[in-house]
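**Q** Based on what follows, work out the 3D shape:
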Amino acid sequence: MWIRIVYWLLIVTFQVLVLNHLDFSAFVIPQIFIILLISMPLGWSKMTQVSAGFGLGILADLFVSTPGIHASACLWLVLLRIGILNTQDIKQQIASKMDYDVKSVGLNSFLYSSTILVFFYHFYIFWIQNIGSLQWSNYVLTSMISSVLAITLIWILQYLTFQHKS
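**A** Coordinates of the predicted model:
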């Protein structure tokens, strides 16, 4: 339990203190804190998952001063995650209340799900931020670059976590 809390605090701190202040360009804004939602334990009820998503989204909104954008995106991400997990054969992992990670569901399932969820999240938040803007090329570029960087960092984090658990 304490390890999970420390892990969540470290990820949120890394997002807030490092990734939110990257100055590579205006097109790089990776959101890796969503790994906390992607890898939630499989035994959590849907209401607990939605509550965690909303809470984490509100926390992200507080740190970057976005009025509900991250909360909305996190809620949609959790709902999409539930839908994706319903298509996978993970009954044994759900019964064991395992985390949704590479070690418990396998590399292919995790990469498939995390890639879809990360791209969805980035496209959603940048779409909401760009409503009414005529700069769709910047929207697509920002979403793609941020998603690819976030996926890369999430896979590295999963690899390091996988090595630690082995």
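
**Q** any idea how far Trp44 is from Gly55?
**A** Distance of Gly55 to Trp44, computed by Cβ to Cβ, to the nearest Å: 13 Å. All C-beta atoms are positioned from the backbone trio N, CA, C, and that covers glycine.

**Q** Of those two, give the one with the bigger neighbour count.
**A** Using other Cβ atoms under 10 Å as the criterion, Gly55 and Trp44 rank with Trp44 on top: 15 against 12.

**Q** Isn't that one up against Ala52?
**A** Yes: if you go by Cβ atoms under 8 Å, Trp44 and Ala52 touch, sitting 7.5 Å apart.

**Q** gap between the residue nearest the centre of the chain and Gln92?
**A** Nearest residue to the geometric centre of the chain (Cα atoms, centre = their mean): Ile34, 2.0 Å. From Ile34 over to Gln92 the distance is 25 Å, taken as Cβ to Cβ.

**Q** Show me which positions of the lengthiest helix in the chain end up buried.
**A** Taking DSSP state H as the assignment, the helix of the chain that covers the most residues is helix 136-165. Within helix 136-165, the residues scored as buried using 16 or more other Cβ atoms under 10 Å are 139, 142-143, 145-151, 153-155, 157-158, 161.

**Q** Stretch 47-60 too?
**A** Gln49, Val50, Ala52, Gly53, Phe54, Leu56, Gly57, Leu59, Ala60.

**Q** Of those, which is the nearest to Ser96?
**A** Closest approach between these and Ser96, by Cβ to Cβ: Gln49, at 17.0 Å.

**Q** and the closest residue in space to the closest one that isn't next to it in sequence, what pLDDT?
**A** Spatial nearest neighbour of Gln49, chain neighbours left out: Val78 (5.1 Å); criterion: Cβ to Cβ, 6 or more residues apart in numbering. Here, the pLDDT recorded for Val78 equals 97.

**Q** Please shift the residue numbers so they start at 54 in all later answers.
**A** Sounds good: first residue 54 from here, last item Val131.

**Q** Quick check: which element contains Val131?
**A** helix 122-139 (DSSP states H and E).
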